[in-house]
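Enquirer: Sequence first, predicted coordinates after that:
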Amino acid sequence: MLDVDGLTKTYDGHGRSVEAIRDLTFHVGDGEFVCVVGPSGAGKTTLLRCIAGLLDNSGGTVTLDGTPVTGPPAGMAVVFQEYGRSLFPWLTVRRNVEMPLKEKGLGRAERAAKVDAALASVGLRDSAGAHPWQLSGGMQQRVAIARAVAYEPRVLLMDEPFAAVDAQTRAELEDLVRRLWRELGITVLFVTHDIDESVYLGQRVLVLSNRPTVVLEDVPVPLPDNRDQLETRSSTSFTETRNHVYELVQTAKRGGRPAHAG
Ligand SMILES: Nc1ncnc2c1ncn2[C@@H]1O[C@H](COP(=O)(O)OP(=O)(O)OP(=O)(O)O)[C@@H](O)[C@H]1O
């Protein structure tokens, strides 16, 4: 579904050159939920922007369903951390969610049905007429998720989407995203700096090295699809996987790289 092959990205300009990503390769299958963790500044956001077609890569390829990504591809939606900046403050919640459907060329009745369903799925049916600034941070992020879901993407990219909400809301939003993933059968690539979150959410966790970034290890998560904030997080499998990912991130911070990487 999503193939990243030999991706490289170097930022050039203002007399300096930063090699953010070096020879990054991984594959995400149709309907998979894959998390990405790594040290701060490793290039996680850069990677996601290259995949979303928002940033030109310097080398290698990103392919979605066999088609090379050269700009924002149809069938992909992105949810960013800064919900405050990703919603249009002058539009109501309903209009915000509707916007990409208009761009998709859907008719009025179809748009209304999809917006209603998406808002209901994130528990915001009663807030359709409100403006984003009248909602809490967690509610605004749910609007951003509803907008992505209404678009019916095949691939959903999420860049630290819950970093700015409180712990209680974060747990609710984690379960919401997992529920939507299971119900809709979409493919999810989820960037987070929170190791526990990556293990709780993902079927696999890609641990990135320090800059210039390569994949340090692709860690399978041996947890059942039915997850529960208390039960899952206190299970032995969760703790063991979490500890392994934690150690890998520590290794990455110390500059550890896979043997074959340059
Ligand atoms: N527009 C830019 N111009 C130059 N360098 C950049 C630019 N954007 C990012 N970088 C550099 O690329 C590297 C990777 O940045 P990126 O934001 O992708 O990392 P990250 O893993 O998402 O970090 P964090 O976890 O702290 O959010 C950093 O060294 C950063 O300084």
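Expert: Everything's here; your move. Residues are numbered from 1 along each chain as shown.

Enquirer: ok, and for the one helix or strand Phe26 maps to, which residues are buried?
Expert: For Phe26, the host element (DSSP states H and E) is strand 16-28. The neighbour-count check on strand 16-28 (16 or more other C-beta atoms under 10 Å) flags 20-24, 26, 28 as buried. Backbone N, C-alpha and C define where each C-beta goes, glycine included.

Enquirer: Contacting the ligand as well, which ones from these?
Expert: Restricting the buried residues of strand 16-28 to those touching the ligand (C-beta under 6 Å from any ligand atom) yields Ala20.

Enquirer: Of the buried residues of strand 16-28, just say which sits nearest to the ligand.
Expert: Proximity of the buried residues of strand 16-28 to the ligand (C-beta to the nearest ligand atom) peaks at Ala20, which lies at 3.8 Å.

Enquirer: Residue numbers of the stretch 101-250 of the chain in contact with the ligand?
Expert: Contact residues (C-beta under 6 Å from any ligand atom) of the stretch 101-250 of the chain with the ligand: 193, 211.

Enquirer: Dump the strand holding Phe26 to PDB, restricted to CA.
Expert: Taking Å, rounded to 0.1, in the frame of the first residue of the first chain, the C-alpha atoms of strand 16-28 are listed here in PDB:
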ATOM      1  CA  ARG A  16      23.700  25.400   5.500                       C
ATOM      2  CA  SER A  17      22.800  21.900   4.600                       C
ATOM      3  CA  VAL A  18      21.000  19.500   6.900                       C
ATOM      4  CA  GLU A  19      20.900  15.800   6.000                       C
ATOM      5  CA  ALA A  20      17.600  14.800   7.700                       C
ATOM      6  CA  ILE A  21      16.900  11.400   6.100                       C
ATOM      7  CA  ARG A  22      19.300   8.900   4.700                       C
ATOM      8  CA  ASP A  23      18.300   5.900   2.800                       C
ATOM      9  CA  LEU A  24      15.000   5.100   4.600                       C
ATOM     10  CA  THR A  25      13.100   2.100   3.500                       C
ATOM     11  CA  PHE A  26      10.000   0.500   4.800                       C
ATOM     12  CA  HIS A  27       6.700  -0.900   3.600                       C
ATOM     13  CA  VAL A  28       3.200  -0.600   5.100                       C
END
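
Enquirer: wait, does the helix or strand just after it contact the ligand?
Expert: The helix or strand immediately downstream of strand 16-28 is strand 33-37, counting by DSSP H and E. No: Strand 33-37 is not in contact with the ligand by C-beta under 6 Å from any ligand atom; minimum separation 9.0 Å.

Enquirer: for the next helix or strand after strand 33-37, packing partners?
Expert: Going down the chain from strand 33-37, the next helix or strand is helix 44-51, by DSSP H and E. Here helix 44-51 touches strand 2-13, strand 16-28, strand 33-37, strand 155-159, strand 187-191, going by 3 or more C-beta pairs under 8 Å, 6 or more residues apart in numbering; DSSP states H and E.

Enquirer: what pLDDT, on average, does the last one get?
Expert: Pointing back at strand 187-191 there. Summarised as a single mean, pLDDT over strand 187-191 is 96.

Enquirer: can you check the fourth one too?
Expert: On average, the pLDDT along strand 155-159 is 94.

Enquirer: Stretch 85-102 now?
Expert: Averaged across stretch 85-102, the pLDDT comes to 92.

Enquirer: buried set for that stretch?
Expert: Applying a neighbour-count criterion of 16+ other C-beta under 10 Å, one finds 86-87, 92-94, 96-101 buried in stretch 85-102.
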